[in-house]
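J.: Below are the sequence and a predicted model; questions follow.
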Amino acid sequence: MWGKLSEKEPFSQYQLDLYAAAIMGGKKPITTTDPNKLEQEARKAMSPDSFNYVFGGAGDHASQLPSLQHLFTPDTPLLIAPIGVQPAYHADAETGVASACASLGVPFVYSTASSTGLEAVAAAADAAAPATAKAPRWFQLYWPLDEEITASLLGRARAAGCEALVVTLDGNALGFGDAVFRRKFAEKFDGDAVEDNVMVASRFWTGEVFSGHAHCWEDLATLRRLWGDGPIILKGVLSIDDALLAVRSGVDGIIVSNHGGRQLDGAVLSLEMLPEIVEAVGDKPAVLFDSGIRTGADVLKALALGAKAVLVGRPVIYGLGIAGREGARHVLAGLLADVDQSMGLAGVQTVGELNRSMLRRINYGGDIKSSL
Ligand SMILES: Cc1cc2nc3c(=O)[nH]c(=O)nc-3n(C[C@H](O)[C@H](O)[C@H](O)COP(=O)(O)O)c2cc1C
């Protein structure tokens, strides 16, 4: 037993609550509890544009397969991955998902590409957290070229109580809400507000982040100076070489991730690289994992392979799309319950007991469908 829904209940209680509601009250859960049917349900409930944006991936989607080709032979860390523009999926948007996370004690990672201001999301999350607890949150940075804009974003993240900084290595996004960006835009364009000319503002911003000048490893020193002592975590590491450069650069964590197969078509599957990367880096930086987590067993497999925590993306957003904040909470609570129960079934009481000897590498495709 590693976590609790409240002071009194373990996460697995959520499953019993769902059974009781169905048997005693004939009440169905707010979304399906089957992770594979969740996608179909979201497809029906969401507008085609919204659904396709969440579902979509690079090229033929091959990089999206979780490929958890391992089998089990016998308080898990889980976070919600940074996901931009959440009003596209439901009006509850970022505040809904952050509140759902807060009510379960799951850290919310706020994306630079969010459509709701960081301060408002933080306030909503704190209001939803149990009275005795603080809503845990991290900040994900799409790293602008301009140091002043970067400093402004990081200063706001710190002021809003974000505990860790996640730097996404291979993607970019818009970030019109930032006051320093807005001032720089006004200075350059005769006092115009971003809203006066969104197209020009988009080009100005993309000129910042797609300038052709990529950030390099040495630039991390600047980020360290701007962020201070708090943890810095690089998201999108998929090679041993990059993992070793991360070790040398002194970051605190890396996320082995192909961003859910959304960026580079044909990118290697995250899980394929996880064991080698864990082996290469040892204990520091901490290795986290995402892409393809759908079930409690998926979470445990990643942890058994050496990840210290996992992030989950699309399933929670499908829950949001189907039923707003309550849908997102239901999906998260269901996943936590599944982890709790899977640990019991695998015969472990704590996450620390999970290890590689509990897994067997298999060379056939069967396990890809083990949860179907
Ligand atoms: C609709 C959507 C938007 C995303 N936006 C961001 C983002 O703003 N920043 C980021 O670092 N990753 C972003 N990602 C990638 C996620 O953080 C995460 O790596 C991925 O969703 C994990 O895979 P999963 O969806 O299979 O769980 C996004 C993913 C999706 C599906």
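T.: Okay, I see it.
J.: Show me what from this structure comes close to the ligand.
T.: Taking C-beta under 6 Å from any ligand atom as the measure of proximity, the chain contacts the ligand at 53-54, 81-84, 111, 113, 140, 168, 171, 173, 235, 257, 259-260, 262, 290-293, 312-314. (C-beta placed from N, C-alpha, C; glycine too.)
J.: Which ones among those lie within helices?
T.: With helices defined by DSSP state H, the entries of these inside them are 53-54, 314.
J.: can I get those residues in CSV with distance to Gly347, neighbour count and pLDDT?
T.: Output for those, formatted as CSV (distance: C-beta to C-beta, whole Å; neighbours: other C-beta atoms under 10 Å; pLDDT from 0 to 100):
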residue, distance to Gly347, neighbour count, pLDDT
Tyr53, 40, 16, 89
Val54, 35, 23, 91
Arg314, 30, 25, 96
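J.: Contacts made by stretch 272-283 with the rest, please.
T.: Under the contact criterion C-beta atoms under 8 Å, 6 or more residues apart in numbering, stretch 272-283 has outside partners 67, 237-240, 243-244, 246-247, 254, 256, 287, 289, 302, 305-307, 356.
J.: how about a cut-off of 6 Å?
T.: If you take C-beta atoms under 6 Å, 6 or more residues apart in numbering as the criterion, stretch 272-283 is touched by 238, 240, 243, 247, 256, 287, 289, 305-306.
J.: Buried subset of those as a ChimeraX selection?
T.: In ChimeraX syntax, the buried subset of the contacts of stretch 272-283 is picked out as below (16 or more other C-beta atoms under 10 Å):
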select :238,243,256,287,289,305,306
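J.: quick one: the strands in the stretch 251-372 of the chain?
T.: 253-256, 286-290, 309-312, 359-361 (DSSP state E, counting those that start in this stretch).
J.: now do the stretch 1-150 of the chain
T.: Counting by DSSP E, counting those that start in this stretch, the stretch 1-150 of the chain has strands at residues 70-72, 78-80, 108-111, 137-141.
J.: I'd like to know which elements the third one is packed against.
T.: For strand 108-111, the helices and strands in contact under the criterion 3 or more C-beta pairs under 6 Å, 6 or more residues apart in numbering; DSSP states H and E are strand 137-141.
J.: The same query, at a cut-off of 10 Å, please.
T.: Helices and strands touching strand 108-111, by 3 or more C-beta pairs under 10 Å, 6 or more residues apart in numbering; DSSP states H and E, are strand 78-80, helix 93-104, helix 118-128, strand 137-141, strand 165-168.
J.: Quick one: those as a markdown table, columns for mean pLDDT too.
T.: Compiled in a markdown table, those are given as follows (pLDDT from 0 to 100):
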| stretch | mean pLDDT |
| --- | --- |
| strand 78-80 | 95 |
| helix 93-104 | 97 |
| helix 118-128 | 96 |
| strand 137-141 | 96 |
| strand 165-168 | 95 |
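J.: In TSV: those, plus mean neighbour count.
T.: Conversion of the helices and strands packed on strand 108-111 to TSV gives the following (neighbours: other C-beta atoms under 10 Å):
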stretch	mean neighbour count
strand 78-80	24
helix 93-104	26
helix 118-128	19
strand 137-141	24
strand 165-168	24
